[in-house]
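Visitor: this is a predicted model, with the sequence first.
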Amino acid sequence: QLRLVEAGGGLVQPGGSLRLSCEASGFSLDYYAIGWFRQAPGKEREGVSCISSKAGETYADSVKGRFTISRDYASNTVYLQMDSLKPEDTAVYYCAADGTGWGGLVDQDFGFWGQGTQVTVSS
């Protein structure tokens with residue numbers, strides 16, 4: 001069974017850091033692109049970052065220089081390190097997998113999704 005499980009969300013003060021994880025089971029990350037997306041209340045889902053063996057790493061302009069995506073093949077997990085967090089980063093964060101291996105920041109390109117983890121940035 002293909003599955004993605006996110007973890008690591010929580011409440012953090014502005015300027016703080018969180019590290020999200022996305023553990024895959026039932027398939028190997030070697031052949032998939034993994035993207036991180038987020039959706040804030042009342043807003044559309046937006047692409048945050050993606051890691052792909054074919055296309056490398058991609059970041060939305062709003063998170064460049066603050067977020068870092070990485071992949072651990074041994075544990076079949078993708079991480080999103082989020083630093084210098086801002087209140088506008090508050091959202092439910094989802095990871096998703098693209099079987100073509102290309103990925104990107106467009107959610108329609110991703111075939112299956114995790115359940116999401118809440119990130120709240122507030123003082």
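Guide: Done, it's in.

Visitor: mean pLDDT per helix and strand in this protein: which one sits at the bottom?
Guide: The helix or strand of the chain with the poorest confidence is strand 112-113; it has a mean of 93 (mean pLDDT, DSSP states H and E).

Visitor: in its sheet, what does whichever helix or strand comes after it sit against?
Guide: Using DSSP states H and E, the helix or strand that directly follows strand 112-113 along the chain is strand 117-121. Neighbouring strands of strand 117-121 in its sheet, by DSSP bridges, are strand 10-12 (parallel), strand 91-98 (antiparallel).

Visitor: C-alpha coordinates for strand 117-121, PDB please?
Guide: These are the backbone C-alpha positions of strand 117-121, laid out as PDB (Å, rounded to 0.1, in the frame of the first residue of the first chain):
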ATOM      1  CA  THR A 117       0.400  18.500   9.300                       C
ATOM      2  CA  GLN A 118      -0.500  21.800  10.900                       C
ATOM      3  CA  VAL A 119       2.100  24.600  11.200                       C
ATOM      4  CA  THR A 120       1.100  27.700  13.200                       C
ATOM      5  CA  VAL A 121       3.500  30.600  13.400                       C
END
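
Visitor: name the residues of it that are buried.
Guide: For strand 117-121, burial by neighbour count (16 or more other CB atoms under 10 Å) applies to T117, V119, V121. C-beta coordinates here come from the backbone N, C-alpha and C atoms, glycine included.
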